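Participant: Sequence first, predicted model second:
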Amino acid sequence: MEAVQMKAARAAPQNVEDGLATMGTLQKRALVCAFRNIYWLMKEEIPHTAKFGHLQELMKLQGVSILNNLNHGENNKATSQRFIQETVLTV
């Protein structure tokens with residue numbers, strides 16, 4: 001079990017640049033949109049951990065269909081608390 005986890009960890013991107021290299025164009029655009037949303041929440045001093053998901057849903061309702069490409073794959077949870085916190089640290 002440990003060997004499988006270690007192999008998966010080696011195969012996983014180690015930084016943002018490596019992660020972006022393996023993504024498709026639509027996924028990259030969706031990720032940029034998510035980063036902008038978090039940046040806006042931070043700049044406006046709105047609680048990003050509580051409001052990010054709601055902002056994403058509002059944008060989808062407004063027709064921003066690119067966000068549908070954000071969560072592809074089982075290990076890609078771009079709306080999770082971990083994603084939000086890591087994005088805040090990155091920004």
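Facilitator: Perfect, thanks for sending it.

Participant: Let me know the next secondary structure element after the helix or strand bottoming out on mean pLDDT in the chain.
Facilitator: Least confident helix or strand of the chain, by mean pLDDT, DSSP states H and E, is helix 16-21 with a mean of 57. Once helix 16-21 ends, the next helix or strand along the chain (criterion: DSSP states H and E) is helix 25-43.

Participant: Quick one: name whatever helix or strand follows that following helix.
Facilitator: Next element after helix 25-43 (DSSP H and E): helix 48-61.

Participant: what's that following helix packed up against?
Facilitator: The helices and strands touching helix 48-61, judged by 3 or more Cβ pairs under 8 Å, 6 or more residues apart in numbering; DSSP states H and E, are helix 25-43, helix 81-90. C-beta coordinates here come from the backbone N, C-alpha and C atoms, glycine included.

Participant: just checking, which of the ones you listed comes out with the lowest mean pLDDT?
Facilitator: Per-stretch mean pLDDT for these is lowest at helix 81-90 (a mean of 83).

Participant: Buried ones in that one, by neighbour count?
Facilitator: Neighbour-count burial for helix 81-90 flags 83, 84, 87 (criterion: 16 or more other Cβ atoms under 10 Å).

Participant: on that earlier part again, out of the helices and strands packed on helix 48-61, which gets nearest to residue 63?
Facilitator: Between residue 63 and these, the tightest spacing by Cβ to Cβ is seen for helix 25-43, at 12.6 Å.

Participant: the inter-axis angle of that closest one versus helix 48-61?
Facilitator: Here helix 25-43 runs at an angle of 130 degrees relative to helix 48-61 (axes from the mean of the first three to the mean of the last three Cα atoms, to 10 degrees).

Participant: Could you tell me the angle between helix 25-43 and helix 81-90?
Facilitator: Going by the same axes, to 10 degrees, helix 25-43 makes 70 degrees with helix 81-90.
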